[in-house]
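Novice: What follows is a predicted protein model with its sequence.
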Amino acid sequence: MTPADTRAETLVAWLHRLEHAHAATITYPETKSLTIHVLGADHREGNSGAATFEVFRAFTEHVAARTRLTSLQLVLVGPNVSRTLHLDEFTQQCSVPVSDNGEATTCDVRIRYFVGSFEASFQDKAQVWKPDLVVCFNAGIWGYNEWLPAIQLVLKDVQVPLLVTSYNADEAGDDEDVLDEMKLGEWLWRPEKNPWGATTPRATNNADAKVLKENDYWMCLTGSSHA
């Protein structure tokens, strides 16, 4: 699994696991629309609407072909999102052929960007696409107190499933400790090796010389209404 593929494939696996093992925590199958907020987004999720669509193409194709959802919204939030994208929206239809005679299943995909914190993105209620799910790829929440208000908002106020991924087992354990200390929500699963994590190490010069792989471990909690 390459770093370029792991985000989309991780989302596919996450949806499958939620729908089959934790269906009581989700409501989007009833509405036929799914909104996912990607917190801590940066250039790895794309610096344009078209680039972001390509990063998540495998996921959008899964939604179009394998679910009953008809619309998908992706909201990329974070201080490292390109400033030229702030409040930009990108729309594209994902079409997956289902027969040789031209029939296809489709899903309308909308992508929006917000430069800043998750809390700031929620200040204008009229502009918010309320999330059904929230994901933090390779968040490193153990090392940044700035994550704490966002996590509290997700689990205590918005009350939806939150997926956190980590570069390795050590960082996953540290992230788990932070989440335990916050005492919010309910664990759906504690840190596990992500089957769809990258197999290629990330090029880095970290001081501990530890191997870092994109989305190597994953863990999931849900909001307090389900606890």
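Specialist: Alright, I've got the coordinates.
Novice: The residue nearest to the spatial centre of the chain: what's its closest spatial neighbour, skipping adjacent residues?
Specialist: Taking CA atoms, centre = their mean, the centroid of the chain lies closest to Val135, which sits 2.9 Å from it. Spatial nearest neighbour of Val135, excluding adjacent residues (CB to CB, 6 or more residues apart in numbering): Leu163 at 4.4 Å. C-beta: built from backbone N, CA, C; applies to glycine.
Novice: if I've got this straight, the one you found is in a strand?
Specialist: Yes. Assessed with DSSP: H, G, I helix; E, B strand; the rest coil, Leu163 lies in a strand.
Novice: Tell me who's in contact with it.
Specialist: By CB atoms under 8 Å, 6 or more residues apart in numbering, the residues touching Leu163 are 10, 14, 133-136, 218-220.
Novice: Select the longest strand from the protein.
Specialist: Taking DSSP state E as the criterion, the chain has its longest strand at strand 104-115.
Novice: tell me which strands and helices the helix or strand hosting the residue nearest to the centre of the chain is in contact with?
Specialist: Applying DSSP states H and E as the criterion places Val135 in strand 133-136. Judged by 3 or more CB pairs under 8 Å, 6 or more residues apart in numbering; DSSP states H and E, the packing partners of strand 133-136 are helix 3-21, strand 33-39, strand 162-166.
Novice: Pretty sure Trp187 sits against Leu221.
Specialist: Yes. Between Trp187 and Leu221 a contact is recorded at 5.6 Å, counting by CB atoms under 8 Å.
Novice: So between those two, which is more surrounded?
Specialist: Using other CB atoms under 10 Å as the criterion, Trp187 and Leu221 rank with Leu221 on top: 26 against 14.
Novice: who touches His37 in this structure?
Specialist: Shown in contact with His37 (CB under 8 Å, 6+ apart): 75, 77, 118, 129, 131, 133-135.
Novice: quick one: least confident of the residues you listed?
Specialist: Ranked by pLDDT, the contacts of His37 bottom out at Trp129 (91).
Novice: measure that residue to Glu186 for me?
Specialist: Note on Trp129: its distance to Glu186, by CB to CB, to the nearest Å, is 24 Å.
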